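Asker: here is my input; please provide its structure:
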Amino acid sequence: MTQKKRPTPTNGKPSALDGAIVAEPHGKNKLVKAAPRLSPRQARVLDALRPGHWVDREPLDRIAGSSNGPDVISKLRHKFGQDSIDMELIDGTDCDGKPCRTGRYRLTQQGRERLAQITTSNQQGAA
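Answerer: Predicted coordinates:
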């Protein structure tokens, strides 16, 4: 009886930045980055962060359509790199008038560059 080959476990989630080696003419190989697959929720958040300005947690939750914006950010960081999205705690006031700290997020320069690189390679691949 032959055994099926099993893929190496990666916690069930292959990294979105894992590439594929593609053969090119003249025997050279090139590592091509595959575009990360995004859920509709992640795509909406990424579109909101794309301009590079800060987005507060509550509006981010509404954009994502969930009450767990930090989880969406965590998944995007996993796909684009931990340094791709900044988070900053700012002082605020809760609905009872008490001081609190709330988070806000923005796409870093590295994140914008990675996003542009992936977008450009996808457009070239579609042509």
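Asker: what ranges do the strands span in the protein?
Answerer: Counting by DSSP state E, one finds strands in the chain at the ranges 19-23, 29-33, 55-56, 85-93, 99-107.
Asker: comparing those, which gets the lowest mean pLDDT score?
Answerer: Among those, strand 19-23 has the lowest mean pLDDT, at a mean of 39.
Asker: what about the protein, any weak spots by pLDDT?
Answerer: Scanning the chain for pLDDT under 70 picks out 1-34, 121-127.
Asker: recalculate using a threshold of 50.
Answerer: 5-24, 30-31 (pLDDT under 50).
Asker: contact partners for the residue nearest to residue 77 when sequence neighbours are not counted?
Answerer: Closest residue in space to residue 77, ignoring its immediate chain neighbours: residue 85 at 5.5 Å, by Cβ to Cβ, 6 or more residues apart in numbering. Using the backbone N, CA and C atoms, a C-beta is placed for each residue, glycine as well. Residues in contact with residue 85 (Cβ atoms under 8 Å, 6 or more residues apart in numbering) are 49, 73, 76, 77, 105, 106, 107, 108, 111.
Asker: the third one touches residue 84, doesn't it?
Answerer: Yes. The pair residue 76 / residue 84 is scored as a contact, 7.2 Å apart, by Cβ atoms under 8 Å.
Asker: of these two, give the one with the bigger neighbour count.
Answerer: residue 76 (25 against 22; other Cβ atoms under 10 Å).
Asker: name the nearest residue to the more buried one, ignoring sequence neighbours.
Answerer: residue 42 (5.7 Å).
Asker: right, and that neighbour touches residue 77 too?
Answerer: No. In this structure residue 42 lies outside contact range of residue 77 using Cβ under 8 Å: 10.8 Å.
Asker: from residue 42, how far out is the residue nearest to residue 88 when sequence neighbours are not counted?
Answerer: Excluding its sequence neighbours, the residue lying closest to residue 88 (Cβ to Cβ, 6+ apart) is residue 104, at 5.5 Å. From residue 104 over to residue 42 the distance is 18 Å, taken as Cβ to Cβ, to the nearest Å.
Asker: now swap in residue 107 and tell me
Answerer: 13 Å.
Asker: the more surrounded of these two?
Answerer: Legend: neighbour count by other Cβ under 10 Å for residue 107 and residue 42, higher for residue 107 (24 against 17).
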